[in-house]
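Chemist: Please find the sequence and the predicted model below.
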Amino acid sequence: MIHVSILVPNEAIMASIVDPRTIFTGANNFLEAAGHSPVFNIQFVGLSREVEYHEGLFAVRTDALLKDIKKTDLIIIPAISGQLERAIDINRDFIPWIIKHYNNGSEVASLCIGSFLLASTGLLDGKECSSHWQTANEFRQMFPDVTLVDGRIVTEQQGLYSSGGATSYWSLLLHLVEKHAGRDIAIVASKVFALEIDRKSQSPFIMFNGQKNHDDEPIRKAQEFIEQNIAEKISIDELADKFAIGRRHFDRRFKKATNNTAGEYIQRVKIEAAKKQLETSNKNINEIMYEVGYNDTKTFRNLFKKLTGLSPVEYRNKYNRETIIA
């Protein structure tokens, strides 16, 4: 059997502890119903026998302590919560344990911002990782040696897995069920739990807030200029001249401050404005396209799909309130 250690961290999103047990137990039940033996041996593993959540309102009892586990095949790291540096610090005793079992052949999967605890092991250095889009800038600052992949739901490299934000971790859990229990069981699980199988991207859910958590005042002003002139065609040379910075130096400073090139930033601001129009208005696609400074339908559509994973029509059908109610 596949021994699954679901970690029970201090300060974590409780659903991301319970949900893995739910789906792996469900997979065992589906296997038995089909006349097969269960494949998952699931345990909650922690630093103590019981961990409280939501100010003591709920508690999770562990099946085993770290020292009790001699061999495990799959480690699940749930989403930690609260102030992230503190959450890592109070769960630091998990780190050498994770490293030891990974080096002994265990796979390790982080759910949502459990990626911060996984990255703290150093195992992700030089590798790709997914996480919640909302904590992307903080992740990059804390772990510059890890390549954070925007929009990706699941990453997998050398036995290390990570998932995108919030409940998109179900896609990773389905992937692990398929790997260890087979495609048929994963399909059954997706139907029973009403999950979308083979979902690849969290891009439609990403809200671009404009990375302004930096101290480069001219670049912040350039960002504000871009946001205030969405309908205009803005060239990078124009921006550099406007703020009296040489073009190459401007490019470097903009990238360093925002994690985007100026060109990428302009595109993302315009597409974010288009998304809001598609969510809230009944304007046709061409009207919206012109309002955010594009006049070529194909270019606009391709860029929109590249950044959101959906065409403008698909996005409106999914997120416009009147369309949904209709």
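Modeler: Here it is on my side, so go on. Numbering: from 1, shown residues only.

Chemist: from here on, contacts and neighbour counts on C-alpha atoms
Modeler: Noted.

Chemist: what about Gly159, neighbour count?
Modeler: By other CA atoms under 10 Å, 12 other residues sit near Gly159.

Chemist: so it makes contact with Val108?
Modeler: Yes - contact criterion CA atoms under 8 Å: Gly159 and Val108 qualify, at 6.4 Å.

Chemist: Can you give the strand pairings for the helix or strand hosting Gln43, parallel or anti for each?
Modeler: Using DSSP states H and E, Gln43 sits within strand 40-46. Its sheet considered, strand 40-46 pairs with strand 2-8 (parallel), strand 64-65 (parallel) by DSSP bridges.

Chemist: so which of the ones you listed is the most packed in?
Modeler: Mean neighbour count (mean count of other CA atoms under 10 Å) peaks for strand 2-8 among the strands paired with strand 40-46, with a mean of 23.

Chemist: Please state the backbone phi and psi of the closest residue to Tyr319 other than its chain neighbours?
Modeler: Counting by CA to CA, 6 or more residues apart in numbering, Tyr319 lies nearest to Glu279, which is 5.4 Å off, once chain neighbours are set aside. As for Glu279, its main-chain torsions (degrees, to the nearest 10) stand at phi -70, psi -30.

Chemist: ok, now how distant is Glu279 from Asn317?
Modeler: 9 Å (CA to CA, to the nearest Å).

Chemist: Ile185 and Lys306, how far apart?
Modeler: Taking CA to CA, one finds Ile185 at 32 Å from Lys306.

Chemist: between those two, which one's more packed in?
Modeler: Ile185 (22 against 12).

Chemist: And that one, what's its pLDDT?
Modeler: The model reports Ile185 with a pLDDT of 91.

Chemist: hmm, back to that, tell me which of the strands paired with strand 40-46 lies nearest to His175.
Modeler: When the strands paired with strand 40-46 are compared by CA to CA, strand 2-8 sits nearest His175, at 14.5 Å.

Chemist: What's the first helix or strand after that closest one?
Modeler: helix 15-33.

Chemist: Report the angle between that following helix and strand 2-8.
Modeler: Angle of helix 15-33 versus strand 2-8, following axes from the mean of the first three to the mean of the last three CA atoms, to 10 degrees, is 160 degrees.

Chemist: now helix 15-33, how far from the centre of its chain.
Modeler: The chain centre lies 22 Å from the centre of helix 15-33; the measure is CA atoms, centre = their mean, to the nearest Å.

Chemist: And the strands in this structure?
Modeler: 2-8, 40-46, 50-53, 58-61, 64-65, 74-77, 107-110, 128-129, 147-148, 154-157, 160-163 (DSSP state E).

Chemist: Of all those strands, which one comes closest to Arg268?
Modeler: Proximity to Arg268 (CA to CA) singles out strand 147-148 among those, at 17.6 Å.

Chemist: which neighbours does that closest one have in its sheet, and in what orientation?
Modeler: Within its sheet, strand 147-148 is paired with strand 128-129 (parallel), according to DSSP bridges.

Chemist: same question for the partner strand, mean pLDDT?
Modeler: 91.

Chemist: gap between that strand and the chain center?
Modeler: For strand 128-129, the distance to the chain centre is 10 Å (CA atoms, centre = their mean).

Chemist: Stretch 114-132 too?
Modeler: The answer for stretch 114-132 is 11 Å, by CA atoms, centre = their mean.

Chemist: ok, now stretch 235-250?
Modeler: The answer for stretch 235-250 is 33 Å, by CA atoms, centre = their mean.

Chemist: start to end distance for that stretch?
Modeler: Using CA to CA, the two ends of stretch 235-250 sit 12 Å apart.

Chemist: Alpha carbons of stretch 39-46, as CSV, please.
Modeler: Extracted in CSV, the C-alpha atoms of stretch 39-46 (Å, rounded to 0.1, in the frame of the first residue of the first chain):
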residue,chain,number,x,y,z
VAL,A,39,-4.1,1.3,-2.2
PHE,A,40,-3.8,4.2,0.3
ASN,A,41,-2.8,3.8,4.0
ILE,A,42,-3.6,7.3,5.3
GLN,A,43,-2.3,8.9,8.5
PHE,A,44,-2.5,12.4,10.0
VAL,A,45,1.1,13.1,11.2
GLY,A,46,2.0,15.9,13.5
